[in-house]
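Enquirer: build me a structure from this.
(chains A, B, C and D)
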Number of protein chains: 2
Amino acid sequence: MDLAPDAFARDCASRVVLDRIGDRWTVLIVVALSDGALRFSQLRSKIEGITPKVLTQTLRALERDGLVTRTVFAEVPPRVEYELTDLGRDLLAPIDAIRVWAEDHAARIVANRERHDG
Amino acid sequence: MDLAPDAFARDCASRVVLDRIGDRWTVLIVVALSDGALRFSQLRSKIEGITPKVLTQTLRALERDGLVTRTVFAEVPPRVEYELTDLGRDLLAPIDAIRVWAEDHAARIVANRERHDG
DNA sequence: CTGTATCCCTACGGATACTG
DNA sequence: CAGTATCCGTAGGGATACAG
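Expert: Coordinates of the predicted model:
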């Protein structure tokens, strides 16, 4: 597999990425924005079950990492749009890699889990 | 990017995988085992900072998912070896995909983070 | 050697209500 | 509309000590 030594030490680059996409909501938001910018309320309804507080938190984290931009329009009623940056769009590639692998293997994992439990 | 609709709904296959590799220790253990079986104490010293309790917990979860096997040898002193299954070795592929992407992009994320904070 | 048992503690997610 | 403010409960990680 040719993994570099200490490839996954606690503070390495991969941890930065894993800590982000390991988050429960981040991937959902990034995928939701993959077709273009969305407003806060649009994200909220598109991502079922997320509370406004958690949506804000996650969006702030994505903004901080430069994966999402936040644009405020000086209008009444207020309008705020969130959009993936180039870096954010790049993130769709590894996300998709995981999705593909998951679709091929997750069933086996779940089956193992049920056999082990039952 | 051609992502399937609802590709990352909360209970989908990808969540199963992300919940596992998003775990702080799972990836470290899987990578540590990539060169072959290791004993409990070997894992413990190879993975700096992990407590025995958490190591056991994580290994049990990996065993449950069929990613790792646990072999007890009837010896004194006791010897237990952990080894990746075929499925566990398959997991190295998406892990490596993330590692590659991370090495290409994590520096930018960290830089964005520092600029945003500072 | 290979784990358990216990205790602590806090970080995080969710619910709810409220504001500019 | 786009968030904040509060409160809460709990799961989970870490430290430490102990057991088979």
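
Enquirer: how much does the least confident helix or strand in chain A by mean pLDDT deviate in direction from helix B:13-21?
Expert: In chain A, no helix or strand scores lower on mean pLDDT, DSSP states H and E than helix A:13-21, which sits at a mean of 91. Inter-element angle recorded for helix A:13-21 and helix B:13-21: 130 degrees (by axes from the mean of the first three to the mean of the last three CA atoms, to 10 degrees).

Enquirer: just the CA coordinates of helix A:13-21, formatted as PDB?
Expert: What follows is helix A:13-21 as a C-alpha-only set of coordinates in PDB (Å, rounded to 0.1, in the frame of the first residue of the first chain):
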ATOM      1  CA  ALA A  13      -2.400  16.800   7.200                       C
ATOM      2  CA  SER A  14      -4.800  13.900   6.900                       C
ATOM      3  CA  ARG A  15      -6.200  14.600  10.300                       C
ATOM      4  CA  VAL A  16      -7.100  18.100   9.200                       C
ATOM      5  CA  VAL A  17      -9.200  16.600   6.400                       C
ATOM      6  CA  LEU A  18     -10.600  13.700   8.400                       C
ATOM      7  CA  ASP A  19     -11.600  15.900  11.300                       C
ATOM      8  CA  ARG A  20     -13.600  18.000   8.800                       C
ATOM      9  CA  ILE A  21     -15.300  15.300   6.700                       C
END
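
Enquirer: and that helix, what other elements does it pack with?
Expert: helix A:92-117, helix B:92-117 (3 or more CB pairs under 8 Å, 6 or more residues apart in numbering or on different chains; DSSP states H and E). C-betas here are computed from N, CA, C, even on glycine.

Enquirer: between that helix and helix B:92-117, how many degrees?
Expert: 80 degrees.

Enquirer: related to what we said a few turns ago, want to throw the helices and strands packed on helix A:13-21 into CSV with mean pLDDT?
Expert: Shown next, in CSV, are the helices and strands packed on helix A:13-21 (pLDDT from 0 to 100):
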stretch, mean pLDDT
helix A:92-117, 93
helix B:92-117, 94
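
Enquirer: including distance to DNA strand D and mean neighbour count, could the ones you listed go into a markdown table?
Expert: A markdown table is the format used below for the helices and strands packed on helix A:13-21 (distance: least, CB to the nearest atom of the strand, whole Å; neighbours: other CB atoms under 10 Å in any protein chain shown):
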| stretch | distance to DNA strand D | mean neighbour count |
| --- | --- | --- |
| helix A:92-117 | 14 | 16 |
| helix B:92-117 | 14 | 16 |
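
Enquirer: adding distance to B:Arg79, write these out as JSON lines.
Expert: Shown next, in JSON lines, are the helices and strands packed on helix A:13-21 (distance: least, CB to CB, whole Å):
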{"stretch": "helix A:92-117", "distance to B:Arg79": "23"}
{"stretch": "helix B:92-117", "distance to B:Arg79": "25"}
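
Enquirer: enumerate the residues of chain A near DNA strand C.
Expert: A:Asp23, A:Arg24, A:Trp25, A:Gly49, A:Ile50, A:Thr51, A:Pro52, A:Lys53, A:Val54, A:Gln57, A:Pro77, A:Pro78 (CB under 7 Å from any atom of the strand).

Enquirer: and the third one, how many neighbours does it have?
Expert: So the one you mean is A:Trp25. 21 (other CB atoms under 10 Å in any protein chain shown).

Enquirer: can you read off the pLDDT for it?
Expert: We have a pLDDT of 94 for A:Trp25.

Enquirer: who are the neighbours in contact with it?
Expert: For A:Trp25, the contacting residues are A:Ile47, A:Ile50, A:Val54, A:Leu55, A:Thr58, by CB atoms under 8 Å, 6 or more residues apart in numbering or on different chains.

Enquirer: thank you, goodbye.
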